[in-house]
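> Give me coordinates for this.
(chains A and B)
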Amino acid sequence: MSADVIVVGAGIIGAACAAELARRGMSVNVVDAGGVGGGATAAGMGHLVVMNDSPAEFALSHFSRGLWLELAPELRERDAFVRCGTLWAADDEAELSAARDMHAAFAARGVHASMLDQSALREAEPALAHSLRGGLLVEDDGIVYAPSACEWLLARSPNAARIRVSANLCATSITAGRVTFSNGESRSAAHVVVANGLAARELVNAPLVAKKGHLLITDRYPGFIRHQLLELGYIKSAHHAAGTSVAFNAQPRPTGQLLIGSSRQFDTEDPVVEMDILARMLRRAARYLPSLPALNGIRAWTGFRAASPDGLPLIGSLGDPAERLWMAVGHEGLGVTTSLGTARLLVAQMLGEPDGVAGIPAGAFAPNRFVREPANG
Amino acid sequence: MVDTTLIGILIDGAGFQVLPFTTVAAAIALHGNRVSRRSVTGQARNVLCGMGVCQECGVTIDGHAHVLGCQTLCCEGMLIETAS
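Here you go, the predicted structure:
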């Protein structure tokens, strides 16, 4: 029952790490307290998007999106990969100016994007409010159905024969080379990777907070929208550190359904759908898509993003690299996008590759950046 | 005095008459329709719960897609499109 590596967590991060470890020749045992692709992976939108709020976030999301685009031809129809692009919509002159800045920053880093004026925006997305001033279209962004992609990574990826998945196994403690579970069982491996999101708080005291989000999915209205649509204010909302906020985010599913977000709340881990928050979120969406209220919503749900103090994930050694305890958690709302890049970055460290991954500043993601130095030395 | 004036509607282009307070779901059943909508994979679906929960009676009414037939009363001149 021993493997080279035990990965705790079968969400998109754990699955990506397992597939990468297998690709590099290692045998992997993936364990999860639930099943494959649950938790935040199942709750989220699966939007593959380049974000540029910090150089580190840009580097990881851009690199990872490239890996998704490479992987896309291998994926199945059920994995629902679509290169639909992201359209950032500008509501006023200030946002239009922010879009131009994003455009320039992307152009400088080799990310293809185009500015749309008011009439080009109307042509690209006729359902958007005609009062919007324009937008930025990032053509190579896309979407994927993450729970299904998890299953592909763990069971269908080229070296998946080296991966074994154990569901309903809740890790309660880890030490160098050993994981102990709530049923009393323990398993050993040369390396242990903690990739169980918010549950890493209990397991390894990871400095994470939960950001609750609501989503709603509609019935099928094919062609209603064509790109993943976001308001430029989303970036501000996504980085609020406290309070409740909503921002417009809509995704065209391949079925013709619309997935509508987004909300952010702190200080609650109750998964109940809160009607007042859902209403605020939908009112926000209706400002951008005025005919949205005429559509049928068929289901709403919530999920919890695992957010670190600085908004960047924790990827790397848990403490002393010689102990071979590793973590990849805290991806907040960007875990599906950054999963494949996270796996490359982590596995390069696990294998002791001195150059790491070209262009990715590993230090910005190092878990020890949150370790406080003792006050008295 | 009960009003029994019949209401004229169109189901998939065919004229049909129903009593007042007939739901769209009832009308399409009376009309002999066996398919209200199609699933994502094209499978036939028809009215099931009759109380607005199962979503299987969604039809296009006066151009609006996915309107629940069991929660909508027929009115004069209504255009109903099913997936039959």
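
> Which residue is the nearest non-sequential neighbour of the most centrally placed residue in chain B?
When C-alpha atoms, centre = their mean is applied to chain B, the residue found nearest the centroid is B:V24 (3.2 Å). Nearest non-adjacent residue to B:V24, counting by C-beta to C-beta, 6 or more residues apart in numbering or on different chains: B:G69, 3.7 Å away. Placement of C-beta: from N, CA and C, glycine included.

> From chain A, how far out is that neighbour?
Using C-beta to the nearest C-beta, to the nearest Å, we find B:G69 at a distance of 13 Å from chain A.

> name the element whichever residue of chain A sits closest to chain B belongs to?
Per C-beta to the nearest C-beta, A:D219 is where chain A lies closest to chain B, at 4.1 Å. Element membership of A:D219, judged by DSSP states H and E, is strand A:209-220.

> The helix or strand following that strand packs against which elements?
Downstream of strand A:209-220, the first helix or strand assigned by DSSP H and E is strand A:228-231. Applying 3 or more C-beta pairs under 8 Å, 6 or more residues apart in numbering or on different chains; DSSP states H and E, one finds that strand A:228-231 makes contact with strand A:86-90, strand A:245-252, helix A:275-288.

> Run me through the strand neighbours of strand A:228-231, direction for each.
strand A:86-90 (parallel), strand A:245-252 (antiparallel) (DSSP bridges).

> what angle separates the following helix or strand past the shortest one from strand A:86-90?
Just to be clear, that refers to strand A:86-90. Using DSSP H and E, the helix or strand that follows strand A:86-90 towards the C-terminus is helix A:93-108. Between helix A:93-108 and strand A:86-90, the angle comes out at 150 degrees (axes from the mean of the first three to the mean of the last three C-alpha atoms, to 10 degrees).

> which strands and helices sit next to helix A:93-108?
strand A:86-90, strand A:114-116, strand A:134-138.

> which one of the ones you listed is the most hemmed in?
When you average the neighbours per residue for each of the helices and strands packed on helix A:93-108 (mean count of other C-beta atoms under 10 Å in any protein chain shown), strand A:86-90 leads with a mean of 25.

> ranges for the helices of chain B?
Under the criterion DSSP state H, helices of chain B are mapped to B:24-30.

> Point me to the residue of it nearest chain A.
Counting by C-beta to the nearest C-beta, chain B gets nearest chain A through B:H66, at 4.1 Å.

> Surely that residue touches B:G58?
Yes - under the criterion of C-beta atoms under 8 Å, B:H66 makes contact with B:G58 at 4.1 Å.

> what's the overlap in contacts for the two?
A:D219, A:N296, B:R37 (C-beta atoms under 8 Å, 6 or more residues apart in numbering or on different chains).

> Please check the residues you listed and keep the buried ones.
Among the shared contacts of B:H66 and B:G58, the ones that count as buried by 16 or more other C-beta atoms under 10 Å in any protein chain shown are A:D219, B:R37.
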